[in-house]
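>>> My questions are about this predicted structure, shown below with the sequence.
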Amino acid sequence: MVFDTQVRKIYHARLMPARFLIDTFDFVRNTRTHHGKIAFEECMLLKDYLSDSQGKLGYRICGALD
């Protein structure tokens with residue numbers, strides 16, 4: 001947990017690291033593709049639901065118009 005001060009104790013969620021930012025219009029218009037792998041240890045929200053945080057998650061994002 002992250003608090004702004006010891007006195008007020010206002011909680012702030014940790015920011016997720018930005019790995020890849022997508023310009024959605026450019027991505028779709030030019031039918032771009034992005035793929036990669038993310039370690040399960042880096043998936044803070046998903047990690048709580050996993051029995052084991054070893055390994056990686058593979059993904060592929062494809063932009064297209066129909």
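Received, thanks. Numbers count the residues shown, from 1 in each chain.

>>> Find the residue closest to residue 60 in space, skipping its chain neighbours.
Take residue 60 and drop its neighbours on the chain: the residue closest to it by Cβ to Cβ, 6 or more residues apart in numbering is residue 35, 4.2 Å away. No exception for glycine: its C-beta is placed from N, CA and C like everyone else's.

>>> all strands of this protein, in order?
2-3, 11-12, 33-39, 56-62 (DSSP state E).

>>> Any chance of TSV for these, columns mean neighbour count and mean pLDDT?
Listed next are those as TSV, based on neighbours: other Cβ atoms under 10 Å; pLDDT from 0 to 100:
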stretch	mean neighbour count	mean pLDDT
strand 2-3	10	48
strand 11-12	8	56
strand 33-39	11	88
strand 56-62	11	90
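
>>> Tabulate those strands (CSV), appending distance to residue 45.
Converted to CSV, the strands of the chain look like this (distance: least, Cβ to Cβ, whole Å):
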stretch, distance to residue 45
strand 2-3, 15
strand 11-12, 16
strand 33-39, 12
strand 56-62, 12
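
>>> So which of these is nearest residue 24?
When the strands of the chain are compared by Cβ to Cβ, strand 56-62 sits nearest residue 24, at 10.5 Å.

>>> Which secondary structure elements does the closest one sit against?
strand 33-39 (3 or more Cβ pairs under 8 Å, 6 or more residues apart in numbering; DSSP states H and E).

>>> The strand it packs on pairs with which strands, parallel or anti?
Sheet pairing for strand 33-39, assigned by DSSP bridges, gives strand 56-62 (antiparallel).

>>> Any stretches of this protein with poor pLDDT?
1-20 (pLDDT under 70).

>>> what's the longest helix in it?
What stands out as the longest helix in the chain, according to DSSP state H, is helix 24-29.

>>> So which bits of it are buried?
For helix 24-29, the neighbour count (16 or more other Cβ atoms under 10 Å) marks residue 27 as buried.

>>> Next, the contact list for the closest residue to residue 28 other than its chain neighbours, please.
Closest residue in space to residue 28, ignoring its immediate chain neighbours: residue 63 at 4.1 Å, by Cβ to Cβ, 6+ apart. Counting by Cβ atoms under 8 Å, 6 or more residues apart in numbering, residue 63 makes contact with 24, 27-33.
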